[in-house]
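>>> build me a model:
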Amino acid sequence: MINASDRMHAMKLIAEAVIGGSRRFRACNELGLSLRTVQRWKHADCDGRSLTQRAPPSNKLSEVERQAVLDAANKDGYASLTPHQIVPKLADEGIYLASESTFYRVLKAANQNVRRGRAKAPKRRVLTTHRADGPNQVWCWDITWLPSTVRGRFFYWYMVKDVYSRKLVANEVHDVESSEHACELLRKGCLREHTAGNPL
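Next up, the predicted model:
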């Protein structure tokens, strides 16, 4: 990035070269600049880069207004609500302090943008896994939609599979999805594989 003083110096050198008879784009090339960059510098009122010091926006919240937002977010009846819920609730009372996004920004700046409410923070749990080192130890089952020749009508494929051997233990097709069909299929699979009374 080039600072403002170097920019003015570069534009002055280019202007002198143009007065001396040089083409503008050749003078820009000598300085390692593109002609479009120099044209943008010439017509820009201010430095548009992110490092530029700019005046604060006219609608920036004052410290008193920021404190009012924090007080509203932490008072009884609101401390367990998110800004998405706080702003409409305040509007119902005829109070407008700030927008929803401003509430989020103010809470984040005050390190209060954490889980709000009575819900507990999520906990990481070890995934439940099942290991099979032989047949008929772990079964899995599923119900899959099967399209029919009639548009919008489906059949339901019930299937039970052995995880170890990948054997299809039992499967049936029904026109409805119900727990009774699933129970009956599992019962037939247990009878077929002689696992009745043995834990799976």
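>>> tell me where the protein is predicted with low confidence.
Flagging of the chain using pLDDT under 70 yields the residue ranges 1, 45-52, 117-119.
>>> what about 80?
The chain contains residues with pLDDT under 80 at 1-5, 42-54, 113-122, 196-200.
>>> any idea how it splits into domains?
4-43, 63-109, 139-192 (automatic domain parsing).
>>> pull the contacting residues for P83.
When contacts are counted by Cβ atoms under 8 Å, 6 or more residues apart in numbering, P83 touches A73, E100, F103, Y104, L107. Bear in mind the C-beta positions are built from the backbone N, C-alpha and C, glycine included.
>>> the third one reaches V69, doesn't it?
Yes: checked against Cβ atoms under 8 Å, the pair F103 and V69 is within contact range at 6.0 Å.
>>> what's the overlap in contacts for these two?
Joint contacts of F103 and V69 (Cβ under 8 Å, 6+ apart) are L97.
>>> any idea where the strands of this protein begin and end?
139-147, 154-162, 168-174 (DSSP state E).
>>> dump those strands to JSON lines, plus mean neighbour count and distance to K12.
Output for the strands of the chain, formatted as JSON lines (neighbours: other Cβ atoms under 10 Å; distance: least, Cβ to Cβ, whole Å):
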{"stretch": "strand 139-147", "mean neighbour count": "13", "distance to K12": "74"}
{"stretch": "strand 154-162", "mean neighbour count": "17", "distance to K12": "77"}
{"stretch": "strand 168-174", "mean neighbour count": "16", "distance to K12": "83"}
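>>> on that earlier part again, include distance to R54 when you put the domains of the chain into TSV, please.
Output for the domains of the chain, formatted as TSV (distance: least, Cβ to Cβ, whole Å):
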stretch	distance to R54
domain 4-43	14
domain 63-109	18
domain 139-192	58
